[in-house]
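Peer 1: missing the sequence, but the structure's below:
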């Protein structure tokens, strides 16, 4: 009987330790987010309100990590006339000028035609794990599902730098 109690206590202690330890996915995310900081990203868990999809009565809100890359110091005049915009990967009615499957969250018809054409082509190159993009005078945010494939973070950083260098 004593041995059964000792075994039960041991299993209880081992179970508690296993419950507290991070899962393989959590360990991967921790390592990825640490690497993202080395690339200059700020990572923050965000609640994202997507536009209402065609045929749906309500919009969808998802919790997804936002990978933000600071723009650096823009000249004051450029910062004051900056056009903020954001798009989401959802098929909605507010999709003018965007590739199929993308819709405006904010900033529809606000970009000039040249910048809109660049953004449209750029969106086609994004990996499928990117749920949304937000551009402000301060930063560029990519709402990303963090895939477990080699080189995904480097790819995301390269794509983010393209848009920042284009000043869109």
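Peer 2: The structure has been received and is ready for your questions. As the structure is a computational prediction, the values presented were derived from the model and not from experiment. Numbers count the residues shown, from 1 in each chain.

Peer 1: Please count neighbours and contacts with C-alpha atoms only from this point.
Peer 2: Noted.

Peer 1: Can you give me the neighbour number for residue 64?
Peer 2: Here the number of neighbours of residue 64 (other CA atoms under 10 Å) works out to 19.

Peer 1: Could you do residue 98 as well?
Peer 2: The number of residues near residue 98, taken as other CA under 10 Å, comes to 19.

Peer 1: and what of residue 94?
Peer 2: The local packing of residue 94 (other CA under 10 Å) involves 20 other residues.

Peer 1: so it touches residue 107, yeah?
Peer 2: No: applying CA atoms under 8 Å as the test, residue 94 and residue 107 come out as separate, 10.1 Å apart.

Peer 1: so which strand or helix has residue 141?
Peer 2: strand 139-144 (DSSP states H and E).

Peer 1: Dihedrals phi and psi, the nearest residue to residue 136 once chain neighbours are set aside?
Peer 2: Once flanking residues are discounted, residue 136 sits nearest to residue 84: 4.9 Å by CA to CA, 6 or more residues apart in numbering. Here the main-chain torsion angles of residue 84 (degrees, to the nearest 10) amount to phi -80, psi 140.

Peer 1: Relative to residue 140, how far out is residue 84?
Peer 2: Distance, residue 84 to residue 140, by CA to CA, to the nearest Å: 10 Å.

Peer 1: Also residue 101?
Peer 2: 20 Å.

Peer 1: Which one of the two is surrounded by more residues?
Peer 2: Neighbours of residue 101 and residue 140, each counted by other CA under 10 Å, are more numerous for residue 140; the result is 23 against 12.

Peer 1: For my notes, confirm residue 148 occurs in a helix.
Peer 2: No: under DSSP: H, G, I helix; E, B strand; the rest coil, residue 148 sits outside any helix and is assigned coil.
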